[in-house]
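[1] here's a sequence, model it:
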Amino acid sequence: MTPVGLKAPPRHAPKRLATEADLRALQRMMLRALVEPLTDDDDLAPRWHDGRPMAEVAAEFIKPNDRLSSVDRLQIYARCYWYRLIDCVYDDTPGLRAMLGEKKFSALVRAYLAKYPSRSFTLRNLSSRLAQFIREEPRWTKPDTALAHAIACFEWAQTVAFDGEARPVLTPDDLADAPPAKLRLALQPYLTLFALDWPVDDYVIAVKQRETLRSEASNVIERGPRAVSRKVVPRPRRKKTFIVVHRYNLKLYYKRIEAPAFKILTALAAGRTLADSVEAAGRNAKPEQVREWFATWMELGWFCKP
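    Numbers count the residues shown, from 1 in each chain. Okay, the predicted model is just below:
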């Protein structure tokens with residue numbers, strides 16, 4: 001199976017690079033060799049995707065030297081590629097890794113990267129489809145697929161909030177003469193709303209704090225590292241939680257909100273008018289509460305023009 005988004009390589013590497021088409025063919029051969037999943041021993045697959053021995057294929061476009069065969073040299077590049085990507089996903093998803101455990105998480109990441117290899121010039125986007133993959137192939141995370149999906153979504157939202165697009169902030173003057181029945185407010189593109197069945201924000205914070213303690217303890221002799229390494233963050237218990245992942249003054253934040261506030265923001269994000277959005281909050285939302293919420297949201301710069 002060709003990884004998603006990649007063109008199939010030619011059957012054979014060009015014998016010489018006479019044209020740009022030859023160069024592109026060679027590049028596709030090399031790329032396909034690099035993104036081919038490694039074996040359980042972190043070696044290249046013994047056979048190419050069409051069944052030919054990998055050693056035979058590697059010899060078509062990589063020369064051996066006096067110490068390494070063609071396939072040995074290719075394997076060095078493949079391992080460097082895979083280890084770099086795996087490390088990046090590890091760094092991006094500490095909560096998911098802690099919840100699944102190292103062995104299960106490693107299998108998930110390798111399967112994910114095999115199906116969705118990097119297609120961006122920046123590693124920032126590497127985990128962008130991890131939550132989608134968890135839904136598509138739940139066998140890697142069962143029986144905790146729903147929780148794994150929630151954590152993956154939450155951790156990707158942090159990346160979006162950290163450096164996602166920001167549009168000009170709406171000011172009180174922009175709202176002064178606009179009737180609520182016609183006024184529409186957009187939310188900043190870097191902001192993500194969550195209605196989750198677990199308090200994953202507390203869980204991810206606890207995991208990060210544990211990792212920080214481990215890092216600090218690594219410079220301490222004897223008992224320190226051992227005591228820290230035994231600390232396990234308990235999995236979150238089910239609890240309906242409404243969270244906004246956003247940034248303020250170039251820093252990442254998670255903000256808990258109440259259910260009526262979540263309904264208002266969700267309605268605004270869907271393009272409904274201000275009046276309709278406030279009405280969506282229901283009778284439990286008191287006018288003074290709504291005013292306080294909007295004052296906070298305006299101060300945080302959450303609104304922009306549609």
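
[2] only C-alpha atoms for contact and neighbour calcs from this point on.
    Will do.

[3] name the residues of the longest helix anywhere in the chain that are buried.
    Ranked by number of residues, the top helix in the chain under DSSP state H is helix 70-92. Of the residues in helix 70-92, 70-75, 78-79, 82, 85-86, 89-90, 92 count as buried by neighbour count, 16 or more other Cα atoms under 10 Å.

[4] show me the helices in this structure, by range?
    Under DSSP H, the chain gives helices at 20-35, 54-61, 70-92, 94-100, 102-115, 130-136, 145-163, 172-175, 200-217, 223-229, 259-269, 274-280, 287-300.

[5] please parse this structure into its domains.
    As assigned by automatic domain parsing, the chain contains the domains 1-92, 165-199+240-304.

[6] poorly predicted segments of the chain, please.
    1-6, 213-230 (pLDDT under 70).

[7] farthest residue from the center of it?
    Computed with Cα atoms, centre = their mean, the residue of the chain farthest from its C-alpha average is residue 66, at 42.3 Å.

[8] report the contact partners of that one.
    If you count contacts by Cα atoms under 8 Å, 6 or more residues apart in numbering, residue 66 has none.

[9] now for residue 246: which residues touch it?
    Residue 246 neighbours (Cα under 8 Å, 6+ apart): 158, 161, 162, 190, 191, 192, 252, 253, 254, 255.

[10] against residue 211, how distant is the second one?
    Residue 161 sits 22 Å away from residue 211, going by Cα to Cα, to the nearest Å.

[11] out of these two, which sits in the busier spot?
    More neighbours surround residue 161 than the other of residue 161 and residue 211, with 25 against 15 (other Cα atoms under 10 Å).

[12] how much space separates the residue nearest to the more buried one when sequence neighbours are not counted from residue 275?
    The shortest distance from residue 161 to any non-neighbouring residue, by Cα to Cα, 6 or more residues apart in numbering, is to residue 190 (4.5 Å). Residue 190 sits 24 Å away from residue 275, going by Cα to Cα.

[13] between the two, which one's more packed in?
    residue 190 (20 against 16).

[14] now that one: phi and psi?
    Residue 190 has phi and psi values of phi -80, psi 0 when expressed as degrees, to the nearest 10.

[15] so it makes contact with residue 244?
    No: counting by Cα atoms under 8 Å, residue 190 stays clear of residue 244, with 10.4 Å between them.

[16] mutual contacts of those two, please.
    In contact with both residue 190 and residue 244: no residue, using Cα under 8 Å, 6+ apart.

[17] just give the nearest non-adjacent residue to residue 60, would you?
    residue 13 (6.0 Å).

[18] make sure the one you found is actually in contact with residue 23.
    No: Residue 13 is beyond contact range of residue 23, at 9.4 Å (criterion: Cα under 8 Å).

[19] which of those two has more neighbours?
    Neighbours per residue (other Cα under 10 Å) separate residue 13 from residue 23, with residue 13 holding more: 22 against 15.

[20] what's the spacing between the more buried one and residue 64?
    16 Å.

[21] stretch 202-212: which residues count as buried?
    Buried residues in stretch 202-212 (16+ other Cα under 10 Å): 203, 204, 206, 207, 210.

[22] could you dump the domains of the chain to TSV with distance to residue 123?
    Shown next, in TSV, are the domains of the chain (distance: least, Cα to Cα, whole Å):
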stretch	distance to residue 123
domain 1-92	7
domain 165-199+240-304	17
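
[23] out of those, which is closest to residue 101?
    Nearest of these to residue 101, taken as Cα to Cα: domain 1-92 at 11.5 Å.

[24] what's the offset of that closest one from the middle of its chain?
    26 Å (Cα atoms, centre = their mean, to the nearest Å).

[25] I appreciate the help and will end here.
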